[in-house]
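K.L.:
Got a sequence here, can you build the structure:
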Amino acid sequence: MTTLLINSIYRATEGEGIHIGTPQIFVRFQGCHIGCVNCDSKETWDFDPSYTISLDEVMEKVEVLSQDVIKRVSITGGDPLHPSHIPSLLELVKELKARNYFINIEAAGTRVVKEIFDLVDFISYDMKTPSTEVRTSKDLLLRFVKEYGTKAQIKAVVADKRDFESVFDAYHFVQNNGAPLAPWCLTPCYEPGEAFPMNRFQQVVRLNESFGMPFRVIGQQHKWVYGPSEKLV
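P.N.:
Below is the predicted model:
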C-alpha cells in the first residue's frame, strides 16, 4: 500500500505567482531538509511519521474538496521533491492524472526530477536568493528552463537589493545561454509574523523599474487577506 507524509490537504485560492486568484486544492507534504531561514512553514520540516496516510485517503480528501468542480491540485510542502518522497509522489501524480486533475508542483529549486516534471502540468520553480541562505545553482536553473520553461514559472523571494541583483544576474545568465522565455516572478519577502511589508514591496517595484522591468512583481495575496500567520489559506 502506498503511503505518503502529508501535512495537510485543503481547498484555497492560489495566493502567489502567475496563477494568483485561482481556486485549487493544496496537498502539502511533510518533511523538508532545505532550511530557508525565512521559511513561513517551518512546521513542515520534520519527517514525522505521525503524518503518514495512505494514497487512498489522500485521494478521498481531494475528491471531497473538489466536488467535481475544482480540478486543479497544487502539490507543495515541506519539500515534495525530497528523494524519500519521490516513489509515493509519483504514485500520487499518476492517480491525479488518471482522474483528469491539472497538477502544479512547487519545486524548491535544488533539483530537477524528470520522472515527476514530465508528468505534471505546471512547475513553480524557486530561485533561492541570498536572504534564504540557500543557493540555487545557475547551471541547474538553466537546465530546468531549457527542459521545462514552457510549462513553468521561476519564482524568487526578495528581501533586499542584494536578493534582487542575484535574481537579475541569474535571469541574464539563463537568457544569454539560449533558454526559452518563461515568466519570472518576484515575491517581496514577509518576515515571520510581519504585517504587509509596504516599503519592501515598493522597493522591489522600483528596483524592477530601474533594471528595465524584466520581472513580474506579485505579492502573497493570502497574507494580505488573512494575515501573515494564518494557515490553510
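K.L.:
can you tell me which residues contact residue 99?
P.N.:
Residue 99 makes contacts with 59, 63, as judged by CB atoms under 8 Å, 6 or more residues apart in numbering. Bear in mind the C-beta positions are built from the backbone N, C-alpha and C, glycine included.
K.L.:
what's the burial count for residue 162?
P.N.:
Residues lying near residue 162 (other CB atoms under 10 Å) number 11.
K.L.:
Next one: it from residue 218, what distance?
P.N.:
20 Å (CB to CB, to the nearest Å).
K.L.:
how far out from the middle of the chain is the longest helix anywhere in the chain?
P.N.:
Using DSSP state H to define each element, the chain has its longest helix at helix 161-176. Centroid separation between helix 161-176 and its chain, computed with CA atoms, centre = their mean, to the nearest Å, is 19 Å.
K.L.:
can you map out the helices along this protein?
P.N.:
Using DSSP H, helices in the chain cover 55-66, 86-98, 114-117, 138-148, 161-176, 198-210, 221-226.
K.L.:
taking the mean pLDDT, what do you get for the shortest one?
P.N.:
Helix 114-117 shows a mean pLDDT of 98.
K.L.:
same question, the last one
P.N.:
In this model, helix 221-226 carries a mean pLDDT of 88.
K.L.:
What are the buried residues along stretch 161-173?
P.N.:
163, 164, 166, 167, 168, 170, 171 (16 or more other CB atoms under 10 Å).
K.L.:
any idea how far residue 114 is from residue 124?
P.N.:
Going from residue 124 to residue 114 by CB to CB gives 17 Å.
K.L.:
Lowest mean pLDDT among the helices and strands, pick that one out for the protein.
P.N.:
helix 221-226 (a mean of 88; mean pLDDT, DSSP states H and E).
K.L.:
For residue 124 and residue 114, work out which one has more neighbours and name it.
P.N.:
residue 124 (22 against 9).
K.L.:
List the buried residues of stretch 92-106.
P.N.:
Buried positions in stretch 92-106, judged by neighbour count with 16+ other CB under 10 Å: 92, 93, 95, 96, 101, 102, 103, 104, 105, 106.
K.L.:
again with stretch 144-162
P.N.:
144, 145, 148, 149, 152, 153, 154, 155, 156, 157, 158, 159.
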